[in-house]
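>>> Kindly generate the corresponding structure for this input.
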Amino acid sequence: MSEDPRCCGTGTCIIDPEGRCWCGQQWDGEKMAMPKLELSADEAQAQSSKQNQSSAGSK
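Numbers count the residues shown, from 1 in each chain. As a prediction, the model looks like this:
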């Protein structure tokens, strides 16, 4: 098996064609990194409402 240049250095990387490793990291075009959290519109709205309520209660 050839060594993938995207490997993080552990030698245990198994990277799929989309750049995702078995450990959860994602190739970002420059390095392996944890992927950004992507929320659906409903989840983002709920998170925003939750943050607004907590900041209003702390004043």
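
>>> Find the residue at the geometric middle of the chain.
Central residue of the chain (Cα atoms, centre = their mean): residue 35, 1.7 Å from the mean position.

>>> pretty sure it contacts residue 26?
Yes - when contacts are counted by Cβ atoms under 8 Å, residue 35 is listed as touching residue 26 (4.2 Å). No exception for glycine: its C-beta is placed from N, CA and C like everyone else's.

>>> who touches both of those two?
residue 20 (Cβ atoms under 8 Å, 6 or more residues apart in numbering).

>>> hey, where'd the helices end up in this protein?
For the chain, the helices defined by DSSP state H cover 41-57.

>>> Do I have it right that residue 19 meets residue 5?
No - when contacts are counted by Cβ under 8 Å, residue 19 is not listed as touching residue 5 (11.8 Å).

>>> More neighbours: which of these two?
With neighbours defined as other Cβ atoms under 10 Å, residue 19 and residue 5 compare such that residue 19 has more, 14 against 7.

>>> Now the more buried one: phi and psi?
phi 90, psi 10 (degrees, to the nearest 10).

>>> Tell me how many other residues crowd the nearest residue to it once chain neighbours are set aside.
In space, residue 19 comes closest to residue 27 once its chain neighbours are excluded; the distance is 3.2 Å by Cβ to Cβ, 6 or more residues apart in numbering. Neighbouring residues of residue 27 were enumerated by other Cβ under 10 Å; the total is 19.

>>> Hmm, residue 8 and residue 27 touching each other?
No - with contact defined as Cβ under 8 Å, residue 27 does not count as touching residue 8 (10.0 Å).

>>> Now for the two: what residues contact both?
residue 21.

>>> who touches residue 28 in this structure?
Residue 28 neighbours (Cβ under 8 Å, 6+ apart): residue 19.

>>> measure it to residue 34 for me?
According to Cβ to Cβ, to the nearest Å, residue 28 stands 10 Å off from residue 34.

>>> before we move on, what about residue 16?
Distance of residue 16 to residue 34, given as Cβ to Cβ: 16 Å.

>>> repeat for residue 25
For residue 25, the distance to residue 34 equals 6 Å [Cβ to Cβ].

>>> quick one: which of these two has more around it?
Taking other Cβ under 10 Å, residue 25 and residue 34 do not tie; residue 25 has more neighbours (18 against 10).
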